[in-house]
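K.L.:
Predicted coordinates and the sequence they were generated for:
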Number of protein chains: 4
Amino acid sequence: MRREARVHRLSMRSPDDVAPLVAAIEAGRIAPAGLVAVLGKTEGNGCVNDFTRAFAVAALRAALSPHLAPDALDRVAMVMSGGTEGALAPHMLVIEVIEHADAAVGDGPALAVGSVRTPPLPPEELGRFGQIALVAEGVAAAMRAAGIVHADDVHFVQIKCPLLTAERIAATRARGGEPATSDTLKSMGLSRGAAALGVALALGEIDAATARGARIGADPSLWSGRASTSAGVELVDHEIVVLGTSIDWVGPLVVDHAVMADQIDLAPVAASLKRLGFSATSPIPADERDRLVALLAKAEAGTSGRLRGHRHTMLDDSDVSSTRHARAFVAGALAGLVGHAEIFVSGGAEHQGPDGGGPVALVVRRAS
Amino acid sequence: MRREARVHRLSMRSPDDVAPLVAAIEAGRIAPAGLVAVLGKTEGNGCVNDFTRAFAVAALRAALSPHLAPDALDRVAMVMSGGTEGALAPHMLVIEVIEHADAAVGDGPALAVGSVRTPPLPPEELGRFGQIALVAEGVAAAMRAAGIVHADDVHFVQIKCPLLTAERIAATRARGGEPATSDTLKSMGLSRGAAALGVALALGEIDAATARGARIGADPSLWSGRASTSAGVELVDHEIVVLGTSIDWVGPLVVDHAVMADQIDLAPVAASLKRLGFSATSPIPADERDRLVALLAKAEAGTSGRLRGHRHTMLDDSDVSSTRHARAFVAGALAGLVGHAEIFVSGGAEHQGPDGGGPVALVVRRAS
Amino acid sequence: MRREARVHRLSMRSPDDVAPLVAAIEAGRIAPAGLVAVLGKTEGNGCVNDFTRAFAVAALRAALSPHLAPDALDRVAMVMSGGTEGALAPHMLVIEVIEHADAAVGDGPALAVGSVRTPPLPPEELGRFGQIALVAEGVAAAMRAAGIVHADDVHFVQIKCPLLTAERIAATRARGGEPATSDTLKSMGLSRGAAALGVALALGEIDAATARGARIGADPSLWSGRASTSAGVELVDHEIVVLGTSIDWVGPLVVDHAVMADQIDLAPVAASLKRLGFSATSPIPADERDRLVALLAKAEAGTSGRLRGHRHTMLDDSDVSSTRHARAFVAGALAGLVGHAEIFVSGGAEHQGPDGGGPVALVVRRAS
Amino acid sequence: MRREARVHRLSMRSPDDVAPLVAAIEAGRIAPAGLVAVLGKTEGNGCVNDFTRAFAVAALRAALSPHLAPDALDRVAMVMSGGTEGALAPHMLVIEVIEHADAAVGDGPALAVGSVRTPPLPPEELGRFGQIALVAEGVAAAMRAAGIVHADDVHFVQIKCPLLTAERIAATRARGGEPATSDTLKSMGLSRGAAALGVALALGEIDAATARGARIGADPSLWSGRASTSAGVELVDHEIVVLGTSIDWVGPLVVDHAVMADQIDLAPVAASLKRLGFSATSPIPADERDRLVALLAKAEAGTSGRLRGHRHTMLDDSDVSSTRHARAFVAGALAGLVGHAEIFVSGGAEHQGPDGGGPVALVVRRAS
């Protein structure tokens, strides 16, 4: 038996727009039983009070419940990332796994996918080492689920992690705990950062001692080049999806990754595209555009307050969160390269790539 | 006598940061008597209640008043454009004109500059044909001031235009007038649009009958490819600065322009860079970066609600103005090409370039 | 047979929090078959891209679907009003009707309730007379449903009306129609205003000729003192709920209304409280607080840009919608009077009460 | 010689509107030499990137510089508080001191005023005990300047304190220091809180040991009932103005204060008004309105996430700062009591009054 991972990119007309997914299921293009994950970009603010994520998840669950038993439904990771600033297009990436009984389907390596859900995170562990450890175990489990043995074969780990709300903070304190912060927006950053360091630990990008001593959210020199984490108010555990390469998987899709050093560092992305067989032009030729099935990137403002020596104002803007600025700006840079903006740029890149930069993953169809 | 236009790009640490300008004057690098215009990107929201523009102008006037008599000071156009979304860097472009008595300074053509200030605009004319006509006369006058005869030699017209506030609307109605809108944010768009059509009329991009019948703010098929207009609460007239090419001007600077068809249409900008002698790579090589003295572009969301077929959410966002989204996104695309974000991207491109796109001007130093 | 209207005020922990409603149904305190309407204050921005309203409706429908057949479910009006600025508490008002077979249940008059749903509104009629007429017919139908004969016995009409999105505008134009505006946020105001004038027409507050000639959204001298309208992206028709007094209804609840002349005009509200048997103190005594079951009010900024002679800045703020400012401010004034902020203040009071003011409805339990 | 403090409340049409002040000086109603302080409510967001404060200060300095020598000008405290949410009216309170050579001018006690400016605060002391100590010394000095001996005679201490920007944080780190936070918005709260505890220490509301061990920004049980602190990007030291009562001062003005326990706790304010001779009605009678020269209050969201048992959403809103919500809401409550909204409500009440509440000061003209 050989496994094949398929990735479907579906446009969304609203956070609860599951019509394209339903149509694909009804037409037989997607088999619900093979669903592993749905990654969605929804059009909220991407911050604490972004209910578009939970709304999308509720709509997805309602749409899939006729097709999947409750426990099977719970095993589908639903990682919504809020914020479609600039011209970013709301869309979902639906990942399914097909099992081929016939070994003659072809040879790998190809895109491999694994997912897990961690146990709930106690609010007082959020943004602390407990969260790093919990996530690292989850990533290892997801790799096992995907049949990926070597950390080098992992190209992207998408994680949805929890955040603190005023209510959760009060409840934690009521039972004697003290959260890492009482600032709800800041809790999103701490959670994203700790989850990313969990990935770094699992992939060997940092060692256990470093992870244990890490100043989470304060030391940007520690990072994973393959983590992408988003915080959401709608969960208290972690949903983890690992994308990598495995000789045991088949199909036309492959995955690669790049690390941008700053918000406009397109060269590593262009190099990845070249490795994947694209023409070395910017933008890529229009007739190659469809081969790029999914582009996922992290964006952040950079703590120096500067981009290549020039001051930016993202961190001093109290009207618009810096995560919103960064998503819009990085989306413009990447869209200029790949020729459209239905790309998955998520904000809040704490410990994900170097300060001001971030990891990028590309899922492409092999050139025929 | 031959004239030379110089453009100085100075970083700003705050809206009222005139220290680099003062330092340049004190060091003799800028002669106050030759100042024609200061174009600034300031870090406000770029919308109605953006006081960073007026603050910057007040600081500039205070800094220059020891050097210039009041009437000379009034002749320096100070066009502040609010909004440094994404990594856009607050900066000012200081334009001065040097007069060379010695004809041996060299030959043109080179960058030519002219500026004027129109009479005050009655609030009830804002966003109506009266504003188009007033601006068209102003552009013609600015061309004459620059010694530019042919409209084809004009590459950019930067205009600061007025807007309506709740107080101005009330005052207009109190004396029996009815403004074109009672929505203050919308008044900015109408004013920018009418001013842009004034440029189009002056440059022959549209004819007088078309201008007179134009549905301002509602018919995106009418546009100028060389207008850049910004609205500000701090003025009730128009400040107009024309940038073009003239055989009578000398110096190392030249200007060109491009028209982007949408927010990520970088090809025309890349073509302009190539015409100007840059290497045809994206991004341009780091060692050519300094030759690009100024890049000015307009950004807007596009009324179709789509970019290359994919939905964007800029026009439906009630938390962040679409002008802010568009500036951040287009800035990312352009910064990815030119390698930094100290560029002059201004929002609100009504009738400036095609729907969703916009004009771009490039001032460069000739390759030596 | 005598009817009794009951109003349950249930706190919400999130837009999709239906747990209190489910608990009340399971405990037998609410009978699903009698549900007429659910009015909810949800914690979005109350503007175009406020998905908390649709999210709440989706959660309500999912919670009620085990109890009600689809057509019965569709008859429950679900009017979500976004925006809980200041300390406004998210909550829902659940309105049910009990039918008493025994005539001995007591005598009226008491609170009477009726609701209807209009046919869909063509987008090009939004903000125009067609919408006024459609709503006026709907109000008359809702009065009939409630058995209210005289317009004077109507104290409040809550309406949820549609708005324009970029997509709807494009679709309308594609088939040759021209919407009243292309500004999505502005469309909310036009829709609210036309719906309110529909109420005024139905209740005889304006006559048909006035309604037909009304400058919708531009002539604040026309208004209803009993309309409360909210626009939502999630519907294309109108949901109308009429609250009034009828001799044919029984039970402990009564309703009254007041009209505030400006955002801090509390005297008419205090007078209504006095009529309803409350002590004439401000705030009302803590032990009378529970008798006030529901307070519903409209808030808006006032087009003059002034409150009692002093300038306000709500209409010039491009970062925060004036509707958000007004809700927070009026909520503070009313909460200071009634002693808490779990009150239903909704924004956008176009043609609802005089310019800058608005209608207020009070549902109270009779003093025992 | 007897001193008299005068307070002039002047409406502002924009942040730089000094016309009413200039007119008052020219008409002889205000003598520049006696100016002690100008407290202004300006129409920015009241957060990090609120440049309306600096703009107002620049305009004030320019307007006063023809009348005052530079060192005299520097001694005028200019405390701008950003944020005029809801219907709050931008205005300035101009405080001047008149010296009467003739002892026959009458008897005290009356309003007494003193002001000082502290030395610059090192950024690494911001939000730490060093700031508390620096402010406590400043308050004591201001009391001495006012001739106020007993802490009980102090009714209000208005302080403008610094904040951290991305640039200041980077500079501090560059020389080896570590600021208390790297979150610029959060730095405003820490600075306000430490400054308030400095007032509490100076007035004996907390003792030195408590101050030294205070968890600044985290322990809301420590507070001053008379401090009002605002953070601004435009200064690096503190401007302190003390308002109190002294037998040595004369004139018609008196001052009192109240402490609100939560955002709608108007009873202590009403009690103060009664003590000051106002009728005990709410709102106060229109013909007594003018006697209230100035009302200054602090507003904040309350860390419990609740107001009188009901959830509020201010702390979870990532689009609008909780400080903006709180100002609008508390302004509504107070305006409902005093009958207009040209009142000085400033946000960010960390350690100023109990959690969710805040101090209120009232300057009134004695009943004649």
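P.N.:
Arrived safely.

K.L.:
so residue A:363 bridges to which residues?
P.N.:
Per DSSP bridges, the residues bridged to residue A:363 are residue A:255, residue A:294.

K.L.:
need the residues of the stretch 51-200 of chain A near chain D, please.
P.N.:
A:165-167, A:169-170, A:182-186 (C-beta under 8 Å from any C-beta of the partner chain). In short, each C-beta sits where N, CA and C put it, glycine included.

K.L.:
Just the residues you listed: which are in helices?
P.N.:
Here DSSP state H is the test, and these give A:166-167, A:169-170, A:184-186 as lying in helices.

K.L.:
ok, the residue of the stretch 151-300 of chain A found nearest chain D to residue C:180 distance?
P.N.:
Taking C-beta to the nearest C-beta, chain D has its nearest neighbour within the stretch 151-300 of chain A at residue A:166, 3.3 Å off. According to C-beta to C-beta, to the nearest Å, residue A:166 and residue C:180 sit 40 Å apart.

K.L.:
Settle it for me: which of the two has more neighbours?
P.N.:
The neighbour comparison of residue A:166 against residue C:180 (other C-beta atoms under 10 Å in any protein chain shown) goes to residue A:166, with 23 against 20.

K.L.:
need the residues of the stretch 101-250 of chain A near chain C, please.
P.N.:
Checking the stretch 101-250 of chain A against chain C by C-beta under 8 Å from any C-beta, the hits are A:167, A:233.

K.L.:
now the helices for the stretch 101-250 of chain A?
P.N.:
Applying DSSP state H, counting those that start in this stretch to the stretch 101-250 of chain A gives helices spanning A:129-146, A:166-174, A:184-202, A:208-213.

K.L.:
repeat for the stretch 251-368 of chain A
P.N.:
A:267-275, A:322-338.

K.L.:
ranking those helices by burial, who's on top?
P.N.:
helix A:322-338 (a mean of 30; mean count of other C-beta atoms under 10 Å in any protein chain shown).

K.L.:
quick one: is that one near chain C?
P.N.:
No: under the criterion of C-beta under 8 Å from any C-beta, chain C is not reached by helix A:322-338; the shortest gap measures 12.7 Å.

K.L.:
Put the alpha carbons of that helix into PDB.
P.N.:
The C-alpha coordinates for helix A:322-338 follow below in PDB (Å, rounded to 0.1, in the frame of the first residue of the first chain):
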ATOM      1  CA  SER A 322       2.000  45.000  13.500                       C
ATOM      2  CA  THR A 323       1.000  41.500  12.500                       C
ATOM      3  CA  ARG A 324      -1.600  43.000  10.100                       C
ATOM      4  CA  HIS A 325       1.000  45.400   8.600                       C
ATOM      5  CA  ALA A 326       3.500  42.600   8.100                       C
ATOM      6  CA  ARG A 327       1.100  40.200   6.400                       C
ATOM      7  CA  ALA A 328       0.000  42.900   3.900                       C
ATOM      8  CA  PHE A 329       3.600  43.900   3.100                       C
ATOM      9  CA  VAL A 330       5.100  40.400   2.800                       C
ATOM     10  CA  ALA A 331       2.100  39.300   0.800                       C
ATOM     11  CA  GLY A 332       2.800  42.100  -1.700                       C
ATOM     12  CA  ALA A 333       6.400  41.000  -2.000                       C
ATOM     13  CA  LEU A 334       5.600  37.300  -2.500                       C
ATOM     14  CA  ALA A 335       2.600  38.100  -4.800                       C
ATOM     15  CA  GLY A 336       4.900  40.100  -7.000                       C
ATOM     16  CA  LEU A 337       7.000  37.000  -7.400                       C
ATOM     17  CA  VAL A 338       4.400  34.300  -7.900                       C
END
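
K.L.:
Is there contact, residue-wise, from it to chain D?
P.N.:
No: counting by C-beta under 8 Å from any C-beta, chain D is not contacted by helix A:322-338; separation bottoms out at 9.0 Å.

K.L.:
From the contact counts, what lies against that helix?
P.N.:
helix A:267-275, strand A:292-299, strand A:344-347, helix B:322-338 (3 or more C-beta pairs under 8 Å, 6 or more residues apart in numbering or on different chains; DSSP states H and E).

K.L.:
Could I get those in a markdown table, plus columns for mean pLDDT?
P.N.:
Formatted as a markdown table, the helices and strands packed on helix A:322-338 follow (pLDDT from 0 to 100):
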| stretch | mean pLDDT |
| --- | --- |
| helix A:267-275 | 97 |
| strand A:292-299 | 97 |
| strand A:344-347 | 94 |
| helix B:322-338 | 98 |
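
K.L.:
Residue A:7: which of the residues of the stretch 51-200 of chain A next to chain D is nearest?
P.N.:
Taking C-beta to C-beta as the measure, residue A:7 lies nearest residue A:185 of those, at 31.6 Å.

K.L.:
Now the residue of the stretch 151-300 of chain A closest to chain D. Nearest residue, chain neighbours left out?
P.N.:
Sequence neighbours aside, residue D:305 is the residue nearest to residue A:166 in space, at 3.3 Å (criterion: C-beta to C-beta, 6 or more residues apart in numbering or on different chains).

K.L.:
Can you name the residues of the stretch 201-350 of chain A sitting close to chain D?
P.N.:
So the stretch 201-350 of chain A meets chain D at A:218, A:303-305, A:311, A:313, A:315-319, A:321 (C-beta under 8 Å from any C-beta).

K.L.:
what sits against the closest residue to residue A:256 other than its chain neighbours?
P.N.:
Spatial nearest neighbour of residue A:256, excluding adjacent residues (C-beta to C-beta, 6+ apart): residue A:272 at 4.8 Å. Listed by C-beta atoms under 8 Å, 6 or more residues apart in numbering or on different chains, the contact set of residue A:272 reads A:256-258, A:360, A:362.

K.L.:
Please report how far residue A:272 lies from chain C.
P.N.:
34 Å (C-beta to the nearest C-beta, to the nearest Å).

K.L.:
Okay, that residue and residue A:281: tell me how far apart.
P.N.:
Counting by C-beta to C-beta, the separation of residue A:272 from residue A:281 is 14 Å.

K.L.:
likewise residue A:341?
P.N.:
Where residue A:281 is concerned, residue A:341 sits at a distance of 18 Å (C-beta to C-beta).

K.L.:
Nearest the geometric middle of chain A, what residue?
P.N.:
residue A:158 (3.3 Å; C-alpha atoms, centre = their mean).

K.L.:
thinking that residue is in contact with residue A:243, fair?
P.N.:
Yes: counting by C-beta atoms under 8 Å, residue A:158 touches residue A:243, with 7.4 Å between them.

K.L.:
Give the residue spans of chain A that score low on pLDDT.
P.N.:
A:103-105, A:368 (pLDDT under 70).

K.L.:
rewinding a little: and the helices of the stretch 251-368 of chain A as a markdown table, adding distance to residue B:354?
P.N.:
Shown next, in a markdown table, are the helices of the stretch 251-368 of chain A (distance: least, C-beta to C-beta, whole Å):
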| stretch | distance to residue B:354 |
| --- | --- |
| helix A:267-275 | 28 |
| helix A:322-338 | 18 |
